[in-house]
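> Sequence and predicted structure, then a few things I'm wondering about:
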Amino acid sequence: MEKMVAGNGLLFPILGFASCVLFIYMSFGDLGLNSFPRQLELDFVKRNGTQFTLDGKILYINGWNSYWLMVQSVEEDTRPRVSAMLQAGAKMGLTVCRTWAFNDGGYSALQISPGQFDERVFKALDYVIAEARQYGIRLLLCLVNNLQAYGGKTQYVKWAWEESIALSSSNDSFYFDPSIRRYFKNYVKAILTRKNTITGIEYRNDPTIFGWELMNEPRCMSDPFGDTLQDWIEEMSAFVRSIDKNHLLTVGLEGFYGPKSPKKSTMNPEAWASTLGSDFIRNSKTTNIDFASVHIYPDHWFHDQEFEDKLKFISKWMFSHIEDGDTELKKPVMFTEFGLSDQNKDFQLSQRDRLYQTILDIMYKSAKKNRAGAGAFIWQFLVEGMEEYVDEFAIEPWGRPSIHKMMVEQSCRLARIKGLIQQSGNLRELCSPRR
């Protein structure tokens with residue numbers, strides 16, 4: 001030993017330096033894959049007939065919408081809002097957040113031009129997914145907007161028009177123009193095969209993602225009979241499935257019945273609802289679509305109804321779609337947006353409480369009876385200091401105690417149905433009778 005030290009005078013300093021480097025690495029990790037805490041072990045949510053399953057047990061969803069997570073993750077000074085929102089959702093026992101996985105053109109665009117991405121914004125989406133995993137929240141990620149907000153189908157048509165390859169200037173050419181379909185497929189492939197720079201997991205292999213939504217509220221009014229939209233759904237759902245066989249897939253429908261549906265005159269809010277080019281039954285029956293989606297906005301759909309009549313409509317609307325899931329579709333039905341505007345004449349906060357409680361009660365009753373109603377998502381939750389994102393439905397959950405309490409109670413009673421409380425330390429604490 002003395003001989004080794006004498007013959008290698010630099011050995012101890014080298015060992016000391018190496019130990020120091022090892023300590024720093026073990027303490028902080030590298031700045032990429034190891035900068036997050038240890039990842040929670042998650043499995044993929046699956047479908048068994050009309051119900052979702054997780055680890056072989058039936059799963060019911062109490063969720064929410066915060067569409068803004070990606071854009072708020074781009075800048076360091078707004079990123080804490082994302083963590084705060086996901087943490088708040090977890091503390092209410094919520095399990096899935098619906099959010100945008102697109103921003104086409106414009107400010108902080110993810111897709112700057114067809115197939116061209118801003119890596120800084122892509123890393124923001126990486127962050128959203130990695131952060132959601134830390135709080136045990138899954139994400140329902142929407143791939144494009146029917147509306148113009150955040151680009152939407154309008155931006156795709158504009159790109160094709162600017163390149164002088166568009167067949168039409170109509171926004172609905174998004175569905176039938178081969179060049180635009182190719183734009184969208186390239187985008188979808190880039191999203192699904194993206195390797196998260198934080199977790200090292202490709203999106204298509206990440207169980208943090210609950211599922212994909214093809215489009216937010218698709219409509220094709222140039223073809224009210226619905227063939228154009230149906231062809232697009234069939235093609236795009238098959239394309240998604242060819243790349244990603246792990247995740248659930250939905251269309252993103254509002255739930256209106258089409259012109260050939262016997263329910264168009266009895267269940268739609270008004271006659272216009274059957275002329276939008278969508279059909280809840282036909283679209284949701286598509287082979288590669290795993291679950292149906294429905295929205296609930298009675299105050300936007302009716303203009304002269306009294307509040308009590310809107311409550312009656314909601315019950316009829318929800319029961320009709322749950323029945324469809326059970327008998328026609330044989331698939332789960334998720335109410336992926338619901339809200340009551342604070343811009344209504346004579347609006348009262350108590351009305352919002354009653355309407356939301358009605359929706360959650362119907363969802364709970366469906367779950368208790370093992371029916372197709374699989375979940376509901378409030379629109380929308382924000383955190384403090386986000387005035388620029390406040391719309392007529394926005395709620396800071398801890399600023400509205402009645403809504404906060406309602407959401408916690410829904411999380412607990414849904415979990416109790418199948419005994420899931422005992423499997424989650426968070427739910428055990430949240431739903432304890434001593435609270």
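Yep, it's here.
> biggest helix in the chain by residues?
Longest helix of the chain, by residue count under DSSP state H: helix 349-368.
> Check which residues of it are buried.
351-353, 355-356, 358-360, 362-364, 366-367 (16 or more other CB atoms under 10 Å). For the C-beta atoms, the positions are set from N, CA and C on the backbone; glycine is no exception.
> roughly how far out does it sit from the chain middle?
20 Å (CA atoms, centre = their mean, to the nearest Å).
> Equivalent analysis for stretch 85-105, please.
7 Å.
> End to end on it, go ahead and measure it.
Across stretch 85-105, the terminal residues are separated by 26 Å (CA to CA, to the nearest Å).
> next one: phi and psi at the spatially closest residue to K123 that is not a sequence neighbour?
In space, and not counting its chain neighbours, K123 is closest to T197: 5.6 Å by CB to CB, 6 or more residues apart in numbering. Dihedral angles of T197 (phi, psi; degrees, to the nearest 10) stand at phi -70, psi -10.
> where exactly do the strands run in this structure?
46-48, 51-54, 57-59, 61-65, 96-100, 111-113, 116-117, 138-142, 209-213, 248-250, 292-296, 333-338, 373-379 (DSSP state E).
> Contacts for the longest helix of the chain next, please.
60, 62, 296, 298, 307, 310-311, 314-315, 318-319, 322, 335, 338, 340, 342, 372-376, 378, 400, 402-403, 406, 410, 413-414, 417 (CB atoms under 8 Å, 6 or more residues apart in numbering).
> try 7 Å this time
60, 296, 307, 311, 314-315, 318, 322, 335, 338, 340, 373, 375-376, 378, 402-403, 406, 410, 413-414, 417 (CB atoms under 7 Å, 6 or more residues apart in numbering).
> burial of A132, as a residue count?
26 (other CB atoms under 10 Å).
> need the helices for the stretch 51-200 of the chain, in chain order.
Taking DSSP state H, counting those that start in this stretch as the test, the helices found in the stretch 51-200 of the chain are 69-72, 79-91, 119-134, 152-162, 173-176, 178-192.
> Can you show me the CA trace of the fifth one as PDB?
So that's helix 173-176. Taking C-alpha atoms only, helix 173-176 is exported to PDB below (Å, rounded to 0.1, in the frame of the first residue of the first chain):
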ATOM      1  CA  SER A 173     -61.400  22.200 -46.900                       C
ATOM      2  CA  PHE A 174     -59.400  21.100 -43.900                       C
ATOM      3  CA  TYR A 175     -61.400  17.900 -44.000                       C
ATOM      4  CA  PHE A 176     -61.100  17.100 -47.700                       C
END
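> Which strands or helices does it pack on?
For helix 173-176, the elements it packs on are helix 152-162, helix 227-243, judged by 3 or more CB pairs under 7 Å, 6 or more residues apart in numbering; DSSP states H and E.
> before we move on, what about the last one?
Using 3+ CB pairs under 7 Å, 6+ apart, the elements in contact with helix 178-192 are helix 152-162, helix 227-243.
> mind listing what's buried in it?
Residues of helix 178-192 classed as buried by neighbour count (16+ other CB under 10 Å): I180, R181, Y183, F184, Y187, V188, K189, A190, I191, L192.
> can you redo those as JSON lines with pLDDT and distance to K330?
Output for the buried residues of helix 178-192, formatted as JSON lines (pLDDT from 0 to 100; distance: CB to CB, whole Å):
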{"residue": "I180", "pLDDT": "98", "distance to K330": "33"}
{"residue": "R181", "pLDDT": "98", "distance to K330": "29"}
{"residue": "Y183", "pLDDT": "98", "distance to K330": "34"}
{"residue": "F184", "pLDDT": "98", "distance to K330": "28"}
{"residue": "Y187", "pLDDT": "98", "distance to K330": "31"}
{"residue": "V188", "pLDDT": "98", "distance to K330": "26"}
{"residue": "K189", "pLDDT": "98", "distance to K330": "30"}
{"residue": "A190", "pLDDT": "98", "distance to K330": "33"}
{"residue": "I191", "pLDDT": "98", "distance to K330": "29"}
{"residue": "L192", "pLDDT": "98", "distance to K330": "26"}
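> could I get the residues you listed as TSV with distance to A394?
TSV is the format used below for the buried residues of helix 178-192 (distance: CB to CB, whole Å):
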residue	distance to A394
I180	32
R181	35
Y183	32
F184	30
Y187	28
V188	30
K189	34
A190	31
I191	27
L192	31
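> picking that back up, including mean pLDDT, mean neighbour count and distance to S83, could the helices and strands packed on helix 173-176 go into TSV?
Output for these, formatted as TSV (pLDDT from 0 to 100; neighbours: other CB atoms under 10 Å; distance: least, CB to CB, whole Å):
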stretch	mean pLDDT	mean neighbour count	distance to S83
helix 152-162	96	20	28
helix 227-243	98	18	29
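> With respect to F291, which of those lies nearest?
helix 227-243 (11.9 Å; CB to CB).
> okay, the angle between the closest one and helix 178-192?
Using axes from the mean of the first three to the mean of the last three CA atoms, to 10 degrees, one finds that helix 227-243 and helix 178-192 are set 40 degrees apart in direction.
> For helix 227-243, which helices and strands make contact with it?
Against helix 227-243 (3+ CB pairs under 7 Å, 6+ apart) you get helix 173-176, helix 178-192, strand 248-250, helix 280-284.
> Identify the bridge partners of D104.
When assigned by DSSP bridges, D104 has beta-bridge partners Q111.
> Just give me the neighbour total for it.
Neighbourhood size, D104 [other CB under 10 Å]: 24.
> Which pLDDT value goes with it?
pLDDT, D104: 98.
> Please apply the same query to E306.
pLDDT, E306: 91.
> Same question for M267.
Predicted confidence (pLDDT) for M267: 96.
> you'd agree it is up against G255?
No - contact between M267 and G255 fails when scored by CB atoms under 7 Å: they sit 9.1 Å apart.
> ok, the two, which is more surrounded?
Per other CB under 10 Å, whichever of M267 and G255 has more neighbours is G255, with 27 against 20.
> How about the more buried one: what's its closest non-neighbour residue?
V294 is the one closest to G255 (CB to CB, 6+ apart), at 3.5 Å.
> how about the nearest residue to F347 once chain neighbours are set aside, what does it touch?
Spatial nearest neighbour of F347, excluding adjacent residues (CB to CB, 6+ apart): S341 at 7.2 Å. Residues in contact with S341 (CB under 7 Å, 6+ apart) are D299, E392, F393.
> Go ahead and build a ChimeraX selection from the buried members of these.
In ChimeraX syntax, the buried subset of the contacts of S341 is picked out as below (16+ other CB under 10 Å):
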select :299,393
